[in-house]
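Visitor: Show me the folded form of this:
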Amino acid sequence: MRVITPEQLARVYSGLSENPRVIASGNFATPHVLLDALDQQIAEYRLHLLNGQAGLPARPGVRYETAFIGIGMRGYPDLEYVPCRLSLLPVLFRDHYRPDVVLLHTSARHHDTVSLGTEVNVLPAAIEAAHANGGIVIAQANPQMPYTYGDAQLYENEIDYLVEVDEPLPTHPAGEISDVSMEIGARIAAVIEPGSTMQLGIGAVPDAVLTGLARHQGLRIWSEMFSDGVLGLERAGALAADIPKTASFIFGSRELYDWVHMNRSIRMMRTEHVNDPAAIARQAQMTSVNAALQVDLFDQANASRMNGRIFSGFGGATDFMVGALHSRGGRSFIALPSWHPKANVSTIVPRITEPVTSFQHSAVATEHGIAQVFGRSQSEQATNIITQAAHPSQREYLTAQAKELNLL
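Guide: This is a model prediction of the structure:
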């Protein structure tokens, strides 16, 4: 590893091939110093990261690639969405989307290592793909990035160049949780058993579920990601003290980052381990809670597209749904409000017309109830979704449509 200054990056980047593929730390760990220097040096390149936030280079010549679209990429004219389960993205890097350069946002050096901190995710696989194909790995080492353990730790010989920076880490403010979301969260929390292993996706409803779990005991965390809600459970004494909390990436407050720093009860592991459905299935009473945009009477969910256009992607939710269903005592919840207030439409529809993100869950939860679907016939599934999850104003219409679809 060679330590260089930001000014010396131009010489490093000048050796890249034409139109290089750049894989960078995503979410709230974007290495802006490295990325801005590359953008000034390279006329055309492909930028691949997950859940890209605001502030990414955006101009002609920059093409975005991602399997999960964040607000910083959504609506960008030169965007290539790559449908892929998160657990399989390392295979994509190995065989199809090989990186020419990997840009990392790491902790400051600690002995002969640095840590990927809040964003492990698919980066170890990207680093390995770069090494296998003659690419380079550059780290932006920041003392404000927490040092986390597990697959987050990188030795100096895994990095080609390191640039030292000192800048605040972007944070993810907790969003306001509506009364409807709180009701859904309370309903799900009420049926979760003590000692369950939790995975919760991104959004107000998963956050509300965590709020409702504060009085539980012995809970475990095996999740693609977590935020401040898990810190709240720790403080409430709801988490099992002797079981490490396992995740692949985190985002939240500065307080959360300070908690995970040098905390050996937190294991930040690579995606192909955390999101492996077989590993998920081995967790005790694995309970998966994920959001959706729509659910239909066949128990199909759309969590990716709106009006035919890609909104986000299915990320790792499908990995956890499958794993949870194979776990002894495990369950997979799809959670959503029964009514979309902005569009003024029901989120429970007769049949989804968008591409389906997932299907066959344990239950569908809304503010009106929890509709059990796994282990029920298709007519029982439709009946439960209509009577226990749909908005009351839509139940007569949905019943008529279910008959038209030969479900009732």
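Visitor: Tell me the neighbouring strands of the helix or strand of the chain with the lowest mean pLDDT, and mark each as parallel or antiparallel.
Guide: One helix or strand of the chain scores below all others by mean pLDDT, DSSP states H and E: strand 305-306, with a mean of 84. Strand 305-306 has the following strand partners under DSSP bridges: strand 309-310 (antiparallel).
Visitor: Can you show me the helices along the stretch 51-200 of the chain?
Guide: Along the stretch 51-200 of the chain, the segments classed as helices by DSSP state H, counting those that start in this stretch run 89-95, 123-132, 179-190.
Visitor: Minimum distance to Gln8: which of those helices has it?
Guide: Gln8 lies closest to helix 123-132 among the helices of the stretch 51-200 of the chain, at 19.4 Å (Cβ to Cβ). In this view, the C-beta of every residue, glycine as well, is placed from N, C-alpha and C.
Visitor: What average pLDDT does the closest one get?
Guide: Taken as a whole, helix 123-132 has a mean pLDDT of 97.
Visitor: export it as CSV, just CAs?
Guide: Only the C-alpha atoms of helix 123-132 are listed here, as CSV (Å, rounded to 0.1, in the frame of the first residue of the first chain):
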residue,chain,number,x,y,z
LEU,A,123,-17.1,-4.4,-1.3
PRO,A,124,-15.0,-7.4,-0.3
ALA,A,125,-16.2,-9.1,-3.4
ALA,A,126,-15.4,-6.0,-5.5
ILE,A,127,-11.9,-5.8,-4.1
GLU,A,128,-11.3,-9.5,-4.9
ALA,A,129,-12.6,-9.0,-8.4
ALA,A,130,-10.3,-6.0,-8.9
HIS,A,131,-7.3,-8.0,-7.7
ALA,A,132,-8.2,-10.9,-10.0
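Visitor: And that helix, how far out from the chain middle?
Guide: Taking the mean of its C-alpha atoms, helix 123-132 sits 20 Å from the chain's own mean (Cα atoms, centre = their mean, to the nearest Å).
Visitor: buried set for that helix?
Guide: Neighbour-count burial for helix 123-132 flags 123-130 (criterion: 16 or more other Cβ atoms under 10 Å).
Visitor: quick revisit: residues making contact with the least confident helix or strand of the chain?
Guide: The contact list for strand 305-306 (Cβ atoms under 8 Å, 6 or more residues apart in numbering) reads 293, 311, 354-355.
Visitor: Among the residues you listed, which one lies nearest to Pro20?
Guide: Phe311 (28.2 Å).
Visitor: how near is the closest one to Asn302?
Guide: 9 Å (Cβ to Cβ, to the nearest Å).
Visitor: Correct me if wrong: Ser110 contacts Tyr147.
Guide: Heads up, residue 110 is His, not Ser. Yes. Taking contacts as Cβ atoms under 8 Å, His110 lies within contact range of Tyr147: 5.7 Å.
Visitor: which of the two has more neighbours?
Guide: Neighbour totals were compared for His110 and Tyr147, and Tyr147 leads with 21 against 12 (other Cβ atoms under 10 Å).
Visitor: List phi and psi for Ser332.
Guide: Here the main-chain torsion angles of Ser332 (degrees, to the nearest 10) amount to phi -120, psi 120.
Visitor: what's the pLDDT at it?
Guide: Confidence score, pLDDT, at Ser332: 96.
Visitor: The stretch 201-350 of the chain: helices as residue ranges?
Guide: 204-212, 228-236, 254-260, 271-274, 277-281, 317-326.
Visitor: May I have the third one as CSV, with CA atoms only?
Guide: Once side chains and other backbone atoms are set aside, the C-alpha atoms of helix 254-260 remain, and they are given as CSV (Å, rounded to 0.1, in the frame of the first residue of the first chain):
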residue,chain,number,x,y,z
ARG,A,254,-23.4,10.0,14.7
GLU,A,255,-24.4,8.4,18.0
LEU,A,256,-25.0,5.1,16.2
TYR,A,257,-21.6,5.3,14.5
ASP,A,258,-19.9,6.0,17.9
TRP,A,259,-21.6,3.0,19.4
VAL,A,260,-20.4,0.6,16.7
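Visitor: buried residues in it?
Guide: 256-257, 259-260.
Visitor: Also the longest one?
Guide: Along helix 317-326, these residues count as buried under the neighbour rule (16+ other Cβ under 10 Å): 317-325.
Visitor: helices and strands around it, which ones?
Guide: helix 277-281, strand 286-291, strand 331-335, strand 358-359 (3 or more Cβ pairs under 8 Å, 6 or more residues apart in numbering; DSSP states H and E).
Visitor: now for the third one, which elements pack on it?
Guide: When contacts are defined as 3+ Cβ pairs under 8 Å, 6+ apart, strand 331-335 sits against helix 179-190, helix 204-212, strand 286-291, helix 317-326, strand 363-366.
Visitor: which residues touch Phe311?
Guide: Here Phe311 is in contact with 69, 74, 293, 304-305 (criterion: Cβ under 8 Å, 6+ apart).
Visitor: same question but for Ser312, I mixed them up
Guide: 68-70, 74, 303-304.
Visitor: Can I have the buried ones of those as a ChimeraX selection?
Guide: To isolate the buried members of the contacts of Ser312 in ChimeraX, using 16+ other Cβ under 10 Å:
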select :68,69,70,303,304
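Visitor: Could you dump the contacts of Ser312 into JSON lines and include pLDDT and distance to Gly329?
Guide: Conversion of those to JSON lines gives the following (pLDDT from 0 to 100; distance: Cβ to Cβ, whole Å):
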{"residue": "Phe68", "pLDDT": "94", "distance to Gly329": "29"}
{"residue": "Ile69", "pLDDT": "95", "distance to Gly329": "34"}
{"residue": "Gly70", "pLDDT": "94", "distance to Gly329": "34"}
{"residue": "Arg74", "pLDDT": "94", "distance to Gly329": "37"}
{"residue": "Ala303", "pLDDT": "88", "distance to Gly329": "25"}
{"residue": "Ser304", "pLDDT": "87", "distance to Gly329": "29"}
